[in-house]
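This is a predicted model, with the sequence first.
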Amino acid sequence: MPNAPDPILEPEPDFASEAFAEDRQILADDGVAADRTAATLQRTWLRDRQRRHDEWQAQQADQQPQPGGTDNATAQTDDTATKQAPKPPEYPVGQAPLSSRPLAASQYARSKTSKNEWVEHWYFTKEGCLDAERPTTSIASDTFGLTTGDDNSIQLRAVSTAKHSPRAVDDTYLSWDQIMVGAKTYTETLSELGFPPDYVKAWWTFFTDLDWRRARMRASDTDKIFIHYVSIMRKEFFRRAGSTQAFDISKFSQGQWEEIAFELRNDPQYNSSRTNAGDMANATSPHHVNPDSMLRQDPPPTTSDPVITVTGAPNAHDPPHQPTGVVVRDHDPLDASAKAT
């Protein structure tokens, strides 16, 4: 194995450049004179490089062969290398390539998910996964940041961390197809990160149950209502997680669905959506589209208590708990907690 390069050979960065403007400002805020900030960064970096050089020299000394044992050690190393020589992988004769491109969420989305925190569902859509392959979605490995050591001294450390994508959009800007593609990637990510199977199953049930209900709706604005439902319930789940108001995401909330439908259908922009349809069709970016203006106009509900009507006979893919022709009115933990307050 080749030796690591001597840190003393590392070129010294230009601490007066724009790349270190933020670090200089941090020092200035701490009371360092503005004309001395670059020099302070330089001294800190030089001390850190010297420290790493000393450690490197100590490692080199430890790796020096002992007197009289050079030949024996060399023979043992060669013998070990021969025994551990990797075998070439077996060639997959006749194995067809994947029918579709595998999707993988960005490191930023995976980090947020691993902490059980909310993150835009867009990161798990095809568009979000392709965006993760762009080199601009993470900070360059040669970027330095200031850290405080155990002795309260300021030290420079290389920064390599994922960041939020400027192309990410809120859940309400997604299409239903994007929601379901993201559902598959999201649950696969949960499994890869080691979440319990019951937790992964709850999220998969959340999305597939909504897709099942959506397919049986007749209203023209069905997709938009369910998309808003996904957006709200995901945010509420993570906001309430760990509290006394936490709830099972796999359970459908009829009360929340009706409230969302009522609010959207009574929004003035919803009633004028047909007028704005031409402008919406010419929109080039979802950042410039109001999600409520994307709703298609529907006749106002005939009652103040809209319900989901299930039609048709169930098939092998239908949820077993959902009987045919029955209006779903599950217990709503959000409504219950609201009444309690």
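Noted; the coordinates are in hand.

which residues of the protein fall in strands?
143-148, 154-159 (DSSP state E).

Residue 95 versus residue 250, what's the distance?
Per CB to CB, to the nearest Å, residue 250 is found 36 Å from residue 95. Heads up, the C-betas are built off the backbone N, CA and C, glycines and all.

and if you look at residue 173?
Per CB to CB, residue 173 is found 39 Å from residue 95.

Of these two, which one has the most company?
Set residue 173 next to residue 95 and count neighbours by other CB atoms under 10 Å: residue 173 wins out with 19 against 6.

From the rest of the structure, what touches stretch 98-108?
Contact with stretch 98-108 is made by 113, 119, 123-124, 126, 128-129, 131-132, 137-138, 162-165, 181, 185-186, 189, as judged by CB atoms under 8 Å, 6 or more residues apart in numbering.

what about stretch 215-228, average pLDDT?
Averaged across stretch 215-228, pLDDT comes to 88.

Which parts of that stretch count as buried, going by neighbours?
In terms of neighbour count (16 or more other CB atoms under 10 Å), stretch 215-228 has its buried residues at 217, 219, 221, 222, 223, 224, 225, 226, 227, 228.

possible to save those as CSV with distance to residue 23?
Formatted as CSV, the buried residues of stretch 215-228 follow (distance: CB to CB, whole Å):
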residue, distance to residue 23
217, 55
219, 56
221, 51
222, 52
223, 48
224, 46
225, 49
226, 47
227, 43
228, 43
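
Residue 43: neighbouring residues, count only.
Residue 43 is flanked by 13 other residues according to other CB under 10 Å.

Same check on the one 5 residues further on?
Per other CB under 10 Å, the neighbour tally for residue 48 reads 18.

What does the pLDDT read for it?
Confidence at residue 48, expressed as pLDDT, is 87.

What separation do you get for it and residue 210?
53 Å.

next one: residue 131
Separation of residue 131 from residue 210 (CB to CB) stands at 25 Å.

Residue 231 against residue 171, yeah?
Yes. Between residue 231 and residue 171 a contact is recorded at 3.6 Å, counting by CB atoms under 8 Å.

what residues do these two have in common as contacts?
Counting by CB under 8 Å, 6+ apart, the shared contacts of residue 231 and residue 171 are residue 121.

Low-confidence regions, the stretch 101-250 of the chain specifically.
Applying pLDDT under 70 to the stretch 101-250 of the chain picks out residues 136-162.

one step back: residue 131 and residue 210: which has the busier surroundings?
Using other CB under 10 Å as the criterion, residue 131 and residue 210 rank with residue 210 on top: 21 against 18.

out of everything not next to it in sequence, what's closest to the more buried one?
Spatially, and ignoring its direct neighbours in sequence, residue 210 is nearest to residue 226 (5.6 Å; CB to CB, 6 or more residues apart in numbering).
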